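Trainee: next input, structure requested:
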Amino acid sequence: MAAEDGEGDPAAAGRRSGKPLRDIAVDLYGRERVDADWHADSALRSKVRRLVRRSLDGAPGSGDGARPRGRR
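Mentor: Residues are numbered from 1 along each chain as shown. Purely as a prediction, here's the structure:
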C-alpha cells in the first residue's frame, strides 16, 4: 500500500513534508555528491526537480496531475 500513498517515494514524500530540494537530493544521492554537484544550473539539481515534479504529478491527492503552465 505504500506505493499508493506515496510513502515509498522519497522525492514526493520529502516535498510534501516541506523539505527543500537540496535535502531531498541528499536523501537520494548522498551528502558528498550533493556538495560536489549542486549549483544553480547543475544536472543533479534538474534531475531532482524532475523527479519531484513527476512523483507529485502522479501522487494520489495531488489533483488531476496537470501542472500549471509557466516559466520553466
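
Trainee: show me where pLDDT drops low in the protein?
Mentor: Along the chain, the parts satisfying pLDDT under 70 run over 1-7, 59-72.

Trainee: residue closest to the middle of it?
Mentor: Val52 (2.4 Å; C-alpha atoms, centre = their mean).

Trainee: any buried residues in the host helix or strand of it, and which?
Mentor: In the assignment (DSSP states H and E), Val52 maps to helix 43-57. Buried residues in helix 43-57, counted by 16 or more other C-beta atoms under 10 Å: Leu44, Arg45, Val48, Leu51, Val52, Ser55, Leu56. Where C-beta positions appear, they are placed from N, C-alpha and C, glycine not excepted.

Trainee: ranges for the helices of the protein?
Mentor: 2-5, 10-16, 21-29, 31-37, 43-57 (DSSP state H).

Trainee: just how off-centre is the helix holding Val52 within its chain?
Mentor: Distance of helix 43-57 from the chain centroid (C-alpha atoms, centre = their mean, to the nearest Å) equals 5 Å.

Trainee: buried residues in stretch 21-28?
Mentor: Leu21, Ile24, Ala25, Val26, Leu28.

Trainee: separation between the first one and Ala13?
Mentor: Here the distance between Leu21 and Ala13 works out to 13 Å (C-beta to C-beta, to the nearest Å).

Trainee: hmm, back to that, what helices and strands are in contact with the helix holding Val52?
Mentor: In terms of contacts (3 or more C-beta pairs under 8 Å, 6 or more residues apart in numbering; DSSP states H and E), helix 43-57 is packed against helix 10-16, helix 21-29, helix 31-37.

Trainee: now find how far off-centre the longest one is within its chain.
Mentor: What it means is helix 21-29. That offset, for helix 21-29, works out to 8 Å (C-alpha atoms, centre = their mean).

Trainee: and what of stretch 31-39?
Mentor: From the chain centre to the centre of stretch 31-39 is a distance of 16 Å (C-alpha atoms, centre = their mean).
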